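Asker: just to be clear, the model below is a prediction. Sequence and coordinates:
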Amino acid sequence: MSNDLDTELDTDETAIDPQETETINLITAVNRTLHQEMDRDESIRLLGYDIGPLGGVYRGTEGLLAEFGDKRVIDTPLSENGIIGTAVGMAMRGERPVPEIQFMGFFYPAFGQFMYAVVKMYKRTGGALELPMTIRIPYGGGVKALEYHQESTETYFIHTPGVRVICASTPAQTKGLLAASIRTVDPVIFLEPKKIYRGVDEPVPTAAYTLPLNKARIVQTGSDVTVLTWGAMVQQAQAAATDVDADVEIVDLRSLSPLDIETILDSVSKTGRCVVFHEARRTLGLGAELSALINEYALDRLKAPIKRATGYDVHFPGHDIEDDYLPDDDRVRYAIEAVMSYEF
Amino acid sequence: MAHEMWTEERPPEDFYRILDPNGELQTDPPELDEEELLKLYRTFIATRILEEKMLNMQRSGEVSLVARTLGEEATPLGCAAALQPDDWIFYTYRQTPALLYWKLPMVEVIASATGREPETIAEQVDTEDTPVNFSPDYTPIGTNVVNGVGAAMTDAFNDRDTVTMVFTGDGSTSQGAFHDGMNFAGVFDVPAVIVCQNNQWAISEPAHRQTGSETFAQKADAYGLPSARVDGNDVFAVYETARTAVERARSGNGATFIECVTYRMGAHNTSDNPNRYRDDSEQRAYWEDRDPVDRYETYLRDQGILEDDTEAELRDGINDQVDDAVERVRSISTSEPERMFDTILHGESWRERHQRAELHRELNDMNPFVDFTGEGFDE
Ligand SMILES: Cc1ncc(C[n+]2csc(CCOP(=O)(O)OP(=O)(O)O)c2C)c(N)n1
Ligand SMILES: [Mg+2]
């Protein structure tokens, strides 16, 4: 198999025609992508609970049962470990399962199959068995939901070799990244920021297209400080950037594992300052790794210590104070101002 | 036609029943005195009134999410009534009658649906000791089954005669934790009663999507547990079955699995819209005719135990109690943001101190990121 993800993914790509777009939100982009990919490739099956007649609790799979039938849109028994484990078996037989886990906090019962089969199969067969499967997971807080419905624990996945971890931040990004995830031969955890499933619409090409799985995206260029972020926080970073006395470069990582380290180091080397901005808890959140990498490979370019604007090291709190927990444009603005104010 | 009424593969109403849907006895009723009979009735009505109130509070934004027991009340009620003081209940979100039967204050039931920090609720609501012990409620399904069985193992090993009752839904039987619990219960002969409240739906999925077994009850065979399958809308049958199981557990003869067949009359919870996945008008009509409260009320009236004025008095009393509880919930303040750091670990840490200070600064419009030495902040 080719290691060049760009080339590999580009081969099947319909030219992106900006003339033909529709303005849709993020969850509709998920739905459109699943639809188009399932049309294109009969080996794609969706698995999950409540994905059939209900169309998913967030409606990501709406209409797909009617279109593709119950052998390709499979409402499973209520077992996350069962969903992931049977998806592995399907992938072992050459199919491309796309399981959905209803909420990130309900992935935990599936950790057995994840650790024992999903991430290890390729390695333990010396490359003989590929597991092309894309596990869709809505993640993140800000929706005033019950416990375990707000998790941002991507670190568990990132810490594990053998799986790509992809996170989309806009409808157009979602469509291209999800299609690429489904088409790649590696297992992928595909994280969907459910807080911004609705409400933010943007024009999205109607034709199918892919975006690279191994490249971060420069959301806006700037010369003073680099903000490294992803998912629902990208928008918040953009809001902060308009409201701060600094020229901010925002990098949407897109691939949380593996990281596009070249883009990260280039940006930080240019600006000399860095803020990592994520919803996850701070301790061993991806910010810890990013900060370590920059210290190892770009220390002499830094004009200030790296700061991490993140969630606190606590359980996700009750509704009445979840806004105080969640990182937002204010928190990242403070971090930007702090690194801007620093003098060695 | 019968099959459509039923989401399991088994023919309808092939289960243990004492009180039929018309309120007539099919066999001898359990030995319950008039006071106990009225207590059951009162709990039925209290559940309906409380849950209706909570639904209204959800609509007005005072509580965040409500999952009702509507139409399923006889199952948790009959089971809970078979316990004794000092026993344990491991429950989910669909056993309100069990909570009310054992006097969990309504204010706690409502307050927990507000989604506030647990410390805030604990501090501002006078918790009362309930005669039976309740586990915390559980969100991740299946988890409570294996925890409850572990709790019962301590009773077995310590020769205590306490009984643990565990509630689970039909959908939850698909979780590994359910099977772990059943398996350990069988191996260690624990004093537990595991109840499957089969309301035939798990959000949008009908029960036959959860199992290829003919019934849920027969799962017990594989674990070496005795089982029963009862009309979950007949509080007498549920009670009688649970009582036998509880006695069996208490006398050291191990666990029992009970499937109570009932029907989820409403939405899964207030976030759910069942019109998207089920057209169950026929099914609902069928189950409305088998309503657990109606048949029980008919029976009590026929026996001369319940009269119009006693009913009115009882409803008035419950309404007052609910109103009181609502007022008390309304008086609970929202949480101090710093609460999020409470009760995570014992003792102190640099990390916690520092992050508390960061949050404090953020809330007071001061930059929380200006500590560059680890020595903290000068205000
Ligand atoms: C581990 C886990 N996975 C998924 C969920 C989401 N969820 C909450 S309730 C529910 C359905 C449960 O159905 P059932 O066990 O039949 O109980 P019922 O709601 O009918 O009482 C699901 C899927 C969860 N709470 N925990
Ligand atoms: Mg159910």
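Answerer: Received the coordinates, thanks. Ligands and ions are numbered 1, 2, ... in the order given.

Asker: residues contacting A:Ala91?
Answerer: Taking C-beta atoms under 8 Å, 6 or more residues apart in numbering or on different chains, we find A:Ala91 in contact with A:97, A:130-133, A:187. All C-beta atoms are positioned from the backbone trio N, CA, C, and that covers glycine.

Asker: distance check, it against ligand 2.
Answerer: 30 Å (C-beta to the ion, to the nearest Å).

Asker: next one: B:His268
Answerer: From B:His268 over to ligand 2 (counting by C-beta to the ion), the distance is 8 Å.

Asker: for that residue, which three-state class applies?
Answerer: coil (DSSP: H, G, I helix; E, B strand; the rest coil).

Asker: how about it, nearest residue that isn't a chain neighbour?
Answerer: Nearest non-adjacent residue to B:His268, counting by C-beta to C-beta, 6 or more residues apart in numbering or on different chains: B:Ile203, 4.6 Å away.

Asker: and A:Ala280, by the same measure?
Answerer: Distances taken as C-beta to C-beta, 6+ apart put A:Ser152 closest to A:Ala280, at 4.3 Å, once the chain neighbours are dropped.

Asker: next one: B:Asp20
Answerer: In space, B:Asp20 is closest to B:Gln26, 5.5 Å off (C-beta to C-beta, 6+ apart).

Asker: and the residue nearest to B:His268, what does it touch?
Answerer: Applying C-beta under 8 Å, 6+ apart to B:Ile203 gives the contacts A:49-50, A:54, A:57, B:171, B:268, B:272.

Asker: how about the strands in chain A?
Answerer: Here chain A has its strands, by DSSP state E, at A:21-24, A:44-48, A:73-75, A:96-99, A:134-139, A:164-167, A:188-193, A:202-205, A:217-220, A:225-229, A:248-252, A:255-257, A:274-281, A:307-311.

Asker: tell me which of the ones you listed sits nearest to ligand 1.
Answerer: Distance to ligand 1, taken as C-beta to the nearest ligand atom, is lowest for strand A:44-48 among these, at 10.0 Å.

Asker: for the closest one, which outside residues touch it?
Answerer: By C-beta under 8 Å, 6+ apart, strand A:44-48 touches A:34, A:37-38, A:56, A:61, A:64, A:71-76, A:83, A:86-87, A:90, A:95-102, A:182.

Asker: filter those residues down to the buried ones.
Answerer: Taking 16 or more other C-beta atoms under 10 Å in any protein chain shown as the criterion, what is buried in the contacts of strand A:44-48 is A:34, A:37-38, A:56, A:61, A:64, A:72-76, A:83, A:86-87, A:90, A:95-102, A:182.

Asker: how far away is the residue nearest to A:Gly105 when sequence neighbours are not counted from ligand 2?
Answerer: Leaving aside its chain neighbours, A:Gly105 sits nearest to A:Tyr148 (3.0 Å; criterion: C-beta to C-beta, 6+ apart). Separation of A:Tyr148 from ligand 2 (C-beta to the ion): 18 Å.

Asker: how about the contacts made by residue 328?
Answerer: Just going to use chain A. A:Asp328 neighbours (C-beta under 8 Å, 6+ apart): A:Gln236.

Asker: that's the wrong chain, I wanted chain B
Answerer: Residues near B:Arg328 by C-beta under 8 Å, 6+ apart: B:107, B:125.

Asker: how about it, secondary structure?
Answerer: From three-state DSSP, the assignment for B:Arg328 is helix.

Asker: output the below-cut-off pLDDT ranges for chain A.
Answerer: Scanning chain A for pLDDT under 70 picks out the ranges A:1-17.

Asker: for ligand 1, what's the nearest residue on it?
Answerer: Ligand 1 sits closest to A:Phe106 of chain A, with a gap of 3.7 Å, by C-beta to the nearest ligand atom.

Asker: excluding chain neighbours, what is closest to that residue?
Answerer: A:Glu80 is the one closest to A:Phe106 (C-beta to C-beta, 6+ apart), at 5.7 Å.

Asker: distance check, the residue nearest to A:Ala280 against A:Pro161.
Answerer: Distance of A:Ser152 to A:Pro161, computed by C-beta to C-beta, to the nearest Å: 21 Å.

Asker: how about the contacts made by residue 57?
Answerer: Just going to use chain A. Contacts of A:Val57 by C-beta under 8 Å, 6+ apart are A:50, A:102, B:203, B:271.

Asker: I was thinking of chain B, sorry if that wasn't clear
Answerer: When the contact criterion is C-beta under 8 Å, 6+ apart, the partners of B:Met57 are B:63, B:66, B:110, B:113, B:326.

Asker: roughly how far apart are the residue sitting nearest the centre point of chain B and ligand 1?
Answerer: Chain B has B:Gln95 as the residue nearest its centroid, 2.1 Å off, counting by C-alpha atoms, centre = their mean. Distance of B:Gln95 to ligand 1, computed by C-beta to the nearest ligand atom, to the nearest Å: 9 Å.

Asker: chain neighbours aside, what residue packs nearest to that residue?
Answerer: Closest to B:Gln95 by C-beta to C-beta, 6+ apart is B:Pro76, at 3.8 Å.

Asker: from ligand 1, how far off is that neighbour?
Answerer: According to C-beta to the nearest ligand atom, B:Pro76 stands 10 Å off from ligand 1.

Asker: could you report the neighbour count for that residue?
Answerer: B:Pro76 is flanked by 31 other residues according to other C-beta atoms under 10 Å in any protein chain shown.

Asker: tell me the secondary structure of it, please.
Answerer: Per three-state DSSP, B:Pro76 ends up helix.

Asker: contacting residues around it?
Answerer: Contacts of B:Pro76 by C-beta under 8 Å, 6+ apart are B:69, B:91, B:94-98, B:167, B:195, B:197.

Asker: per-domain residue ranges of chain A.
Answerer: Domain ranges of chain A: A:14-205, A:217-341, per automatic domain parsing.

Asker: show me what the residue in the stretch 51-200 of chain B that ligand 2 sits nearest to is bridged to.
Answerer: Residue nearest to ligand 2 within the stretch 51-200 of chain B: B:Gly169 (3.8 Å; C-beta to the ion). Legend: beta-bridge partners of B:Gly169 under DSSP bridges are B:Gln197.

Asker: separation between it and B:Arg160?
Answerer: Taken as C-beta to C-beta, the span from B:Gly169 to B:Arg160 is 28 Å.

Asker: tell me which of those two has more neighbours.
Answerer: Shown here are B:Gly169 and B:Arg160; by other C-beta under 10 Å, B:Gly169 has more neighbours (28 against 13).

Asker: in CSV: the contacts of B:Pro76, plus secondary structure.
Answerer: As requested, the contacts of B:Pro76 are exported to CSV (three-state DSSP):
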residue, secondary structure
B:Thr69, coil
B:Tyr91, coil
B:Arg94, coil
B:Gln95, coil
B:Thr96, helix
B:Pro97, helix
B:Ala98, helix
B:Phe167, strand
B:Val195, strand
B:Gln197, strand
